[in-house]
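Visitor: when you get a sec, could you give me coordinates for this:
(one chain, ligands or ions: 1)
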Amino acid sequence: DTNISRFKREFMQVNVIGVGEFGVVFQCVNRLDGCIYAIKKSKKPVAGSSFEKRALNEVWAHAVLGKHDNVVRYYSAWAEDDHMLIQNEFCDGGSLHARIQDHCLGEAELKIVLMHVIEGLRYIHSNDLVHMDLKPENIFSTMNPNAHKLVEVQPQQTKDDDGMDSVYEELRHSENLVTYKIGDLGHVTSVKEPYVEEGDCRYLPKEILHEDYSNLFKADIFSLGITLFEAAGGGPLPKNGPEWHNLRDGKVPILPSLSRDFNELIAQMMHPYPDKRPTSQSIFSHPILSAVDSK
Ligand SMILES: Cn1cc(CCO)c2c3c(c(-c4ccccc4Cl)cc21)C(=O)NC3=O
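Guide: Numbering: from 1, shown residues only. Here you go, the predicted model:
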């Protein structure tokens, strides 16, 4: 009986995990495969409106961005009784926003956030797409079930050319306790023909507010930088006014809880000039991440 909604037919609602002007997000169990999913149900956008474009953008982005460990996975989307629904991977660890509510993150945890999110961002950027709404609410976490397993390959003793013993890096395949994933692709757009629907002004660089879309990759880098700044205790972030401008004119307060190197990296990511900000690739190979302990 196709009159019964597909949502009710195929899923059992377990929980409401989010409510906003965008709609409602449910934690659901699929009756057929028994797996848990996050399903966002929102009012069907008016045909031809910017909301429809944004809703389609989200689904197109997910379709292009397939499967990546650090991007929330998409399964299906459909329309029914004047609503549209999108079925995504359920991340059971909550959002980064929820995680930093009662305490800010230490350097070790921030390095894992940076390592995972920059890996997901590198993947999005490698498809000539930009996220355009990176912020703690849109970074989700998943607790890994077999986090305790640690496969350790004994360091190889080898003689390199000057005869000195050199020990290869220990190849540790330890599972991280938590995996961070980029979610909410509602603002994703192509760098080729950008259609920028502005995200949250607390996380946007100045050039985007001035509608300068000449370097959108670097706008994502700014948003990630100010997200780390907030997660490390630099918040709450201003929405406007002198404080908003100071953070975008290079006046970024030092975060006492972080090393000098990490403070410098965040300041670089938040640099007033987009070209001075590092690329997702250069951050990925930044020394600060090479020493990160993956346990
Ligand atoms: C508010 N909220 C809370 C959660 C659980 C976090 O542990 C959540 C999720 C998603 C989304 C979501 C965001 C944007 C579009 C579609 C969805 Cl399902 C929203 C979520 C999503 O795609 N996957 C989620 O786990």
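Visitor: now do the same contact list for Ala55.
Guide: By CB atoms under 8 Å, 6 or more residues apart in numbering, Ala55 lies in contact with Ser42, Pro45, Met84, Gly186. Every C-beta, even on glycine, is put in place using the N, C-alpha and C of the backbone.
Visitor: that one and the ligand, how far apart?
Guide: Ala55 sits 10 Å away from the ligand when distances are taken as CB to the nearest ligand atom, to the nearest Å.
Visitor: roughly how far apart are that residue and Arg202?
Guide: With distances defined as CB to CB, to the nearest Å, the gap from Ala55 to Arg202 amounts to 23 Å.
Visitor: which stretches of this protein form strands?
Guide: Read by DSSP state E, the chain holds these strands, from start to end of the chain: 11-20, 23-30, 36-43, 74-80, 83-89, 129-130, 139-143, 152-153, 157-159, 165-167, 171-172, 178-182, 189-190.
Visitor: among the ones you listed, which comes closest to His62?
Guide: Closest to His62 of these is strand 74-80 (CB to CB; 3.2 Å).
Visitor: nearest to the ligand: which residue in the stretch 1-150 of the chain?
Guide: Of the residues in the stretch 1-150 of the chain, the one nearest the ligand is Gly18, at a distance of 2.5 Å by CB to the nearest ligand atom.
Visitor: nearest residue to that residue in space, please, no chain neighbours.
Guide: Nearest residue to Gly18 in three dimensions, chain neighbours excluded: Val25, at 3.6 Å (CB to CB, 6 or more residues apart in numbering).
Visitor: what's around that neighbour, how many residues?
Guide: In terms of burial, Val25 registers 20 neighbours under the definition other CB atoms under 10 Å.
Visitor: give me the pLDDT for it.
Guide: The model reports Val25 with a pLDDT of 97.
Visitor: thought it was touching Val16?
Guide: Yes: proximity of Val25 to Val16 meets the contact threshold set by CB atoms under 8 Å, at 7.2 Å.
Visitor: what's near enough to touch the spatially closest residue to Arg73 that is not a sequence neighbour?
Guide: With CB to CB, 6+ apart as the criterion, Arg73 has its nearest non-adjacent residue at 3.8 Å, and that residue is Glu89. When contacts are counted by CB under 8 Å, 6+ apart, Glu89 is found next to Tyr37, Ala38, Val72, Arg73, Tyr74, Tyr75, Thr142, Lys181.
Visitor: using a markdown table, lay out those together with pLDDT and distance to the ligand.
Guide: Converted to a markdown table, the contacts of Glu89 look like this (pLDDT from 0 to 100; distance: CB to the nearest ligand atom, whole Å):
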| residue | pLDDT | distance to the ligand |
| --- | --- | --- |
| Tyr37 | 98 | 8 |
| Ala38 | 98 | 3 |
| Val72 | 97 | 4 |
| Arg73 | 96 | 8 |
| Tyr74 | 95 | 8 |
| Tyr75 | 96 | 10 |
| Thr142 | 96 | 8 |
| Lys181 | 97 | 8 |
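Visitor: restricted to buried residues, select these in PyMOL.
Guide: Only the buried members of these end up in this PyMOL selection, burial being decided by 16 or more other CB atoms under 10 Å:
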select buried, resi 37+38+72+73+74+142+181
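Visitor: what does the stretch 51-200 of the chain put close to the ligand?
Guide: Taking CB under 6 Å from any ligand atom as the criterion, the neighbours of the ligand within the stretch 51-200 of the chain are Val72, Ile86, Asn88, Glu89, Phe90, Cys91, Gly93, Gly94, Ser95, Phe140, Gly183, Asp184.
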